[in-house]
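Participant: Have a look at this prediction, sequence included:
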Amino acid sequence: MNIAELKKRFLDTYQGSEAGIRVFTSPGRVNLIGEHTDYNGGYVFPAALTLSSTVIARPRTDRSINLMATDLGILVQASLDNLEEFKSLKWGNYQLGVADELQKAGYRLTGCDLLYHDTVPLGAGLSSSAAIEVATAIALVSLGNTFHGTEQPIDMVEMALISQRAENNYVGVNCGIMDQFASAMGRAHHAIFLNCRDLSYKHVPLDLKGYKIVIANTNKKRGLADSKYNERRSQCEAAFEILKKYIPGASCLGEISIEEFGRFKHEIKDETVRKRAEHIIEEDDRVLRSVEALNNNDIELFGRYMSASHDSLRDLYEVTGIELDTLVEEALKIDGVVGSRMTGAGFGGCTVSIVREEAVDRVMNEAGKGYTARTGLVPAFYVTEVGDGGREIFG
């Protein structure tokens with residue numbers, strides 16, 4: 001749907017006139033390399049996509065907040081004065097969690113009608129939830145500022161942090177900061193080199209002339225993702241508790257170098273816990289090397305780091321599974337695929353590949369057929385661009 005069609009749908013739902021209607025959007029993201037490092041205080045390297053969550057918004061004079069999505073026939077009605085009552089909603093809790101955290105942070109909000117239209121595939125590991133959260137945060141702050149006459153620039157880093165807190169505290173998902181940060185701070189034709197310890201970041205030019213980013217969705221439901229995610233977090237915490245005795249200056253795994261880890265890894269007696277830490281330490285190093293490769297415009301070397309990342313996620317962190325492994329293997333069989341890896345939490349979701357333009361159709365056709373033959377599942381492919389972060393759309 002284009003903006004005009006979305007506004008018509010909004011008016012069909014909420015009635016009234018177009019006066020006061022505003023449009024906000026925020027993208028999903030793909031993490032190019034640096035997986036499961038964010039909650040360990042490490043480095044990540046995401047890019048915002050042109051797949052997005054768009055919100056048509058109009059203020060109300062009361063304290064009611066109404067939500068609807070174009071692909072759901074559910075109207076959620078809540079009040080800004082008793083948001084705690086809506087935590088158990090199956091849809092709408094992400095948005096209301098953002099409203100709750102904004103108010104706790106001192107933002108003055110107003111009631112509003114909101115209509116959501118999402119092009120980020122749900123459950124694919126492309127951060128549809130972060131896109132919804134950041135778009136909601138921008139919309140609610142913008143409408144509240146106008147209603148209360150307090151217009152001021154929106155701090156997008158703060159919007160990312162508030163969105164993360166909403167997911168942690170209201171929804172109950174213990175996510176890191178990467179998804180919301182990428183959705184809020186993305187820039188077209190750039191990836192974000194983000195240090196998750198202190199949120200220092202750089203936009204790194206992503207010159208993909210002659211190449212495309214191809215995302216492949218396994219279309220496998222990620223039933224294990226949440227429980228295994230929490231398990232991996234606790235294993236990493238256990239590894240750090242041991243290592244910090246020997247590296248007292250470190251505050252997290254992300255501050256431990258490969259050399260330091262090599263000296264003290266034998267102190268981690270549990271092999272599984274040691275493997276988890278080894279992935280984190282080596283993955284951080286791959287992110288640093290990847291940024292250097294892209295600064296030198298060496299796409300082929302960057303692709304090799306991506307593939308090495310997948311190997312580590314498969315063998316050391318053990319979060320891939322047959323579907324993701326098969327998609328990566330089938331893609332790498334094709335000449336013109338310079339790198340491929342899983343992206344996101346794992347156990348389903350998506351892979352991301354860097355592919356020469358002339359090989360894109362072959363990847364979607366041949367890798368898709370090979371994947372179906374081996375798994376019985378039919379993948380979905382998205383040839384995407386790297387887009388801008390959350391913002392208001394004018395005009």
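Facilitator: Noted; the coordinates are in hand. Numbers count the residues shown, from 1 in each chain.

Participant: shaky segments in the stretch 51-200 of the chain?
Facilitator: Within the stretch 51-200 of the chain, not a single segment meets pLDDT under 70.

Participant: from what I can see residue 125 touches residue 351, true?
Facilitator: No - with contact defined as CB atoms under 8 Å, residue 125 and residue 351 do not form a contacting pair (9.3 Å). (Each C-beta comes from the backbone N, C-alpha and C, glycine too.)

Participant: Now list whatever residues contact both of the two.
Facilitator: 342, 343 (CB atoms under 8 Å, 6 or more residues apart in numbering).

Participant: just for the stretch 201-350 of the chain, where's the confidence low?
Facilitator: Using pLDDT under 70, the stretch 201-350 of the chain drops low at 222-226.

Participant: go again using 90 as the cut-off
Facilitator: 207-209, 220-230, 344-349 (pLDDT under 90).

Participant: got the residue ranges for the helices in it?
Facilitator: Secondary structure of the stretch 201-350 of the chain by DSSP state H, counting those that start in this stretch: the helices cover 225-243, 258-264, 271-295, 299-315, 322-332.

Participant: So for residue 132, which of those sits nearest?
Facilitator: Proximity to residue 132 (CB to CB) singles out helix 225-243 among the helices of the stretch 201-350 of the chain, at 17.7 Å.

Participant: same for that closest one, what does it pack against?
Facilitator: Judged by 3 or more CB pairs under 8 Å, 6 or more residues apart in numbering; DSSP states H and E, the packing partners of helix 225-243 are helix 258-264, helix 271-295.

Participant: what is the orientation angle of that helix with helix 271-295?
Facilitator: 100 degrees (axes from the mean of the first three to the mean of the last three CA atoms, to 10 degrees).

Participant: Just the buried positions in helix 225-243, please.
Facilitator: Going by neighbour count (16 or more other CB atoms under 10 Å), the buried part of helix 225-243 is 225, 228, 229, 232, 233, 235, 236, 238, 239, 240, 242, 243.

Participant: Ok, stretch 265-282 next?
Facilitator: Buried residues in stretch 265-282 (16+ other CB under 10 Å): 265, 268, 273, 274, 275, 276, 277, 278, 279, 280, 281.

Participant: Mind listing residues that contact it?
Facilitator: 36-37, 40, 42, 232, 235-236, 238-240, 242-243, 245-246, 253-254, 256-258, 261, 312-313, 315-318.
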